[in-house]
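> Have a look at this fold, sequence not included:
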């Protein structure tokens, strides 16, 4: 069976840093033999993996891909092959789309977490600056009050 470059990249991303997952785990998850993944890893190390062009999944929108994945989950194991042929798909398309959806959700989640952390830091800095300015304003108000009281008690120095 020919696998798409995107599926190969997805499998390699999982077994290489930073994820460093085991090949048997990734193979079970993606429905690909362990030896195939080891071969891809060896080809990637040699730099010759992506020279061969394989068939890519049909071009569909993400919503349609999501709907096809959900539909495939409802079909029994005995009829999945027939359903895939009827739709003009390979099982690798479903695995690839499912992984792309997971990656998209993880990226969005990570992006939101980073943005949240950045906003919290910014808020903390702004609150610290506001507190410093409030203290400076209170100090100036106290000095101005003392100056007025001193002038009232001792009179204006400019009069001398």
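Nice, thanks for sending it over. Source: prediction; values computed, not measured. Numbering: from 1, shown residues only.
> Now do the helix or strand harbouring residue 141: which elements does it pack against?
Here residue 141, judged by DSSP states H and E, is contained in helix 91-154. For helix 91-154, the packing partners by 3 or more Cβ pairs under 8 Å, 6 or more residues apart in numbering; DSSP states H and E come out as helix 5-15, helix 62-74, helix 80-87. For glycine as for every other residue, the C-beta is placed from the backbone atoms N, C-alpha and C.
> neighbours around residue 38, how many?
Under the neighbour criterion other Cβ atoms under 10 Å, residue 38 is assigned a count of 13.
> Grab the nearest non-local neighbour of it.
residue 23 (6.3 Å; Cβ to Cβ, 6 or more residues apart in numbering).
> does that neighbour really touch residue 37, like I thought?
Yes - in this structure, residue 23 is within contact of residue 37 by Cβ atoms under 8 Å, at 5.1 Å.
> hang on, the earlier thing: so what's the gap between the helix holding residue 141 and the chain middle?
Helix 91-154 has its average C-alpha position 22 Å from the chain's average C-alpha position, going by Cα atoms, centre = their mean, to the nearest Å.
> Can you pull the poorly scored residue ranges out of this protein?
Within the chain, the stretches with pLDDT under 70 are 1, 50-60, 157-160.
> Of all residues in it, which one is nearest the centre?
By Cα atoms, centre = their mean, the mean C-alpha position of the chain lies nearest to residue 107, the distance being 1.6 Å.
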